[in-house]
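# A predicted structure for the sequence below; I have some questions about it.
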Amino acid sequence: MSKTHFPHLFKKGKIGNFTTKNRIVMLPMARQFQGMNGEVTQKTIDYFAERAKGDVGLIIIGSTRVFPPGHKFYTPASLNLSAPQFIPGHCELVQALHAHGAKVSIQFGHIGGQTHMQSVAASDVQQNFCDGTPYTKPIPITKSEIWDTIDLFAKGAVMAKTAGYDMIEIHAAHGYLLGSFLSPFLNTRKDEFGGSIENRTRFHVEMLKEIKAKAGDDFPVTVRISALDYLENSIELVESVHVAKILEAAGADVISVSAGCHETQHLSNDTMRMKEDFKRPLFEAIKKAVNIPIIVAGGYRNPEISERIVSDGAADFLGIARPLLADPEWPKKAAQGRVDDIRKCLSCGECLYVRGGAFNFPQSCAVNAVFGREKDWTDIEPALEKKKVMVIGGGPAGMEAARVASLRGHSVSLYEKGETLGGQLLLASKPPGKKRMLWLRDFLSNQIKKQGVNIQFGVEVTPELIDSEKPDELIMATGAIPKQSNIPGSDTNQVVLAWEVLRGDVHLENKKVAVIGGSMLACETAELIASRGNEVSVVKMRPGAYMAEDCEPTNRRGIMEFMQEHKVREITDHKLEKITSKGIDLIDNDSGDSVCVEADVIVLALGSTPVRELADVLEEKDISFSMIGDCTKPKNIKQAIYQGALIGRQV
Ligand SMILES: Cc1cc2nc3c(=O)[nH]c(=O)nc-3n(C[C@H](O)[C@H](O)[C@H](O)COP(=O)(O)O)c2cc1C
Ligand code: SF4
């Protein structure tokens, strides 16, 4: 008999009247490919079915609205289960997931005051997004609206039961409507729904009672709470423990313990720099206080650490969200002890955000291009004609292309001119809190080695080599190099490149350093330099832009906090005139005044430019090839992985 890996994670679990095949829960994630009116689509089913196939024990469908079209709380941007016309779609979804042995729950929620639209919350306290942007001040929800909401949640529960769901979840976490009631900071009501903890939980208690009355006492209900929202003067852990006990007494079958709200989203959707398992004290406190099972959430990535939270008795169920976007087979691979085969979530936050400020729709994952393309891309079709494929460049784009092409049966050789794989992931892993970047390098390099890709290190590919190898397909993934600067004085010895600092070619200690550029690269390089005891200034020249604006907000917040803690001087809206022996001369964009910033060393972080030399030569010789990743246009990991995954399927 084969060994059981992570035995506590893979023990059966019991919730109310049903049993799960293991202790792994897919946490709710909204924006789940619903249709224009909030209906379940085939894409919704395909997406969740892959996670069920990957052996998740319990799937919780993300925040769903129970307000019917025409209701003032109705929003079209969510999955909906508010009226009979939505039930057949949910039925189909549940059946598809049950077919793979997963139990299925659905979360009901209301956005509360965390929106730029006019909405309702416990009180009229303005809430913010995690980058500090204020949301529209909410209107206090009226008592009749509270009772109407309770009624609609209970009706939704009945419809969920009809659709075949095993359970429903009340979303009272993350600062949304029901979460705002729990917080003494967000809830300043003077009526029976504000003030004491009993009053602040009244909405939830009445809702639990009504759900049980309408859907049946034996229909299980979870309540998801934020044990801490990390806002000032808000809920304390002792109070959250009390909340959990009140909810248990009111009939909750499970407490799902999370933390944070939009303003502190870097703590609810843990970023790269968070320690895995850092919320354990919250889970332990609540677990000790209640007799019903608890689900814990946030930041679990490695099966070893995940196993421990269950084996130590601090949780009954492990909740994971983004790890299942990055790899739907996380549970299956963990059960088989194939930990190295798990494509781990980096907590990069790309799935939460799209550049330009809006939430990401359609969703995508930086490391897993199949997410959102489940129907077409999950099965890797064997190539009809087996080809000799030559990939040039061992960065993420090249490795992903090699991985997919070799899975299709092609004979793949990957040429890397350096001595190691990873490309820019190696540099990206150097700043404080960025080590996880190497998880992607490790995953891809392990896979291509296991699959027998012929990896050639230290080889600069030339037209002659291509001529002698005679590949059927040539894929160029030659990456990018730092942009040259034409700033007067930039050819002096005191000027270095950010890449040289990150690579470790330049060591700076006890120096005054000016970093030129305001991008994520510039700010993270500044972090690294500041962490070594240097006095650092960062100069962002582009007018109107803010520091590290190319980084998504949760991780950006960590960068900005680190820079502030390390007293990095941020200089914005200045034009760089010249580099001198004393430092840099700037012109203030507003006043036109000259400013000199003293610096011993100037670090240029001005972006990168594609490496195209070989491509240009091949074009001249009329040799055909494809280009992927930064050598097309420098962008980010998501683009590199997507382009690698695409070309691997096309050759
Ligand atoms: C894209 C996305 C959507 C989310 N939507 C919801 C939601 O609808 N309801 C909810 O309670 N939490 C939601 N969350 C939070 C997750 O359930 C989870 O608590 C968080 O991602 C941390 O867990 P992880 O580190 O395993 O991803 C969402 C997270 C992501 C990344
Ligand atoms: S986009 Fe980043 S944070 Fe989101 S699932 Fe993928 S790796 Fe994780």
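Structure's in. What do you need? Numbering: from 1, shown residues only. Ligands and ions are numbered 1, 2, ... in the order given.

# Could I get the buried residue list for the longest helix along the chain?
Counting by DSSP state H, the longest helix found in the chain is helix 143-163. By neighbour count, with 16 or more other C-beta atoms under 10 Å as the criterion, the buried positions of helix 143-163 are 146, 148-150, 152-157, 159-161, 163. Using the backbone N, CA and C atoms, a C-beta is placed for each residue, glycine as well.

# filter those down to the ones near ligand 2?
If you filter these for contact with ligand 2, counting by C-beta under 6 Å from any ligand atom, you are left with nothing.

# Enumerate the residues of the chain near ligand 2.
Taking C-beta under 6 Å from any ligand atom as the criterion, the contact residues of the chain with ligand 2 come out as 322, 325-326, 345-351, 365-367.

# one more time with 8 Å
When proximity is defined as C-beta under 8 Å from any ligand atom, the chain approaches ligand 2 at 269, 322-323, 325-326, 344-352, 364-368, 371, 638.

# out of these, which are inside helices?
Counting by DSSP H, the members of the residues of the chain next to ligand 2 that fall within helices are Arg322, Pro323, Leu325, Ala326, Lys638.

# Tell me which two in those residues are the farthest apart.
Taking every pair in those and measuring C-beta to C-beta, the maximum separation is 16.8 Å, between Pro323 and Lys638.

# ok, the two, which is more surrounded?
A direct count of neighbours by other C-beta atoms under 10 Å for Pro323 and Lys638 places Pro323 higher, at 25 against 18.

# Name the nearest residue to that one, ignoring sequence neighbours.
Counting by C-beta to C-beta, 6 or more residues apart in numbering, Cys345 is the residue found nearest to Pro323 once chain neighbours are left out, at 4.6 Å.

# wait, the one you found sits on Asn302?
No: the pair Cys345 / Asn302 is not scored as a contact, 10.6 Å apart, by C-beta atoms under 8 Å.

# Straight-line length of stretch 615-624, end to end?
Between the opening and closing residues of stretch 615-624 there is a gap of 9 Å (C-alpha to C-alpha, to the nearest Å).

# What residues sit buried inside that stretch?
Ala615, Leu618.

# repeat for stretch 192-209
When neighbours are counted by 16+ other C-beta under 10 Å, the buried residues of stretch 192-209 are found to be 193-194, 197, 199-208.

# Mind naming the longest strand for this structure?
Among the segments of the chain that qualify as a strand by DSSP state E, the longest is strand 58-65.

# tell me what the helix or strand following that one is packed against?
Under the assignment DSSP states H and E, the closest C-terminal helix or strand after strand 58-65 is strand 79-80. Contacting strand 79-80 under the criterion 3 or more C-beta pairs under 8 Å, 6 or more residues apart in numbering; DSSP states H and E are the following elements: strand 58-65.

# Does the strand it packs on reach ligand 1?
Yes: when contact is scored as C-beta under 8 Å from any ligand atom, part of strand 58-65 falls within range of ligand 1: Ile60, Gly62, Ser63.

# By neighbours, which of those wins?
Scoring those on neighbours with other C-beta under 10 Å, the highest-scoring entry is Ile60 at 27 neighbours.

# Now for that residue: which residues touch it?
Contact partners of Ile60, counting by C-beta atoms under 8 Å, 6 or more residues apart in numbering, are Val25, Met26, Leu27, Pro28, Val104, Ser105, Ile106, Gln107, Glu169, Thr222, Ser256.

# between those residues, which is nearest Asp585?
Looking across the contacts of Ile60 and measuring by C-beta to C-beta, the closest to Asp585 is Leu27, at 52.0 Å.

# Enumerate every residue touching the closest one.
Each residue near Leu27 by C-beta under 8 Å, 6+ apart is listed here: Ile60, Ser256, Ser258, Ile295, Ala297, Gly319, Ile320, Ala321.

# Which residue, other than its chain neighbours, is closest to Ile139?
If you skip the residues right next to it in sequence, Ile139 has Val120 as its closest partner in space, 5.3 Å away by C-beta to C-beta, 6+ apart.

# try Glu39
Beyond its immediate neighbours in the sequence, the residue positioned closest to Glu39 (C-beta to C-beta, 6+ apart) is Gly89, lying 5.0 Å away.

# what's the answer for Gly395, then?
Residue nearest to Gly395 in three dimensions, not counting chain neighbours: Gly423, with 2.2 Å by C-beta to C-beta, 6+ apart.

# so where is this protein shaky, pLDDT-wise?
1-3, 354-362 (pLDDT under 70).

# make it 80
Residues of the chain meeting the criterion pLDDT under 80: 1-4, 31, 76, 353-363, 543-545.

# restrict the ones in helices among the residues of the chain next to ligand 2 to contacts with ligand 1.
Here is what survives when these are matched to ligand 1 using C-beta under 8 Å from any ligand atom: Arg322, Pro323, Leu325.

# The last one and Phe371 touch, don't they?
Think Leu325. Yes: counting by C-beta under 8 Å, Leu325 sits close enough to Phe371 to count as a contact (5.0 Å).

# who in this protein is up against ligand 1?
Residues of the chain found near ligand 1 (C-beta under 8 Å from any ligand atom) are 27-31, 60, 62-63, 107, 109, 169, 171, 173-174, 224, 256, 258, 268-270, 297-301, 319-325, 345, 347, 349, 351-352, 360, 363.

# Can you flag which of those residues belong to strands?
Counting by DSSP E, the residues of the chain next to ligand 1 place Ile60, Gly62, Ser63, Gln107, Glu169, His171, Arg224, Ser256, Ser258, Ala297, Gly319, Ile320 in strands.
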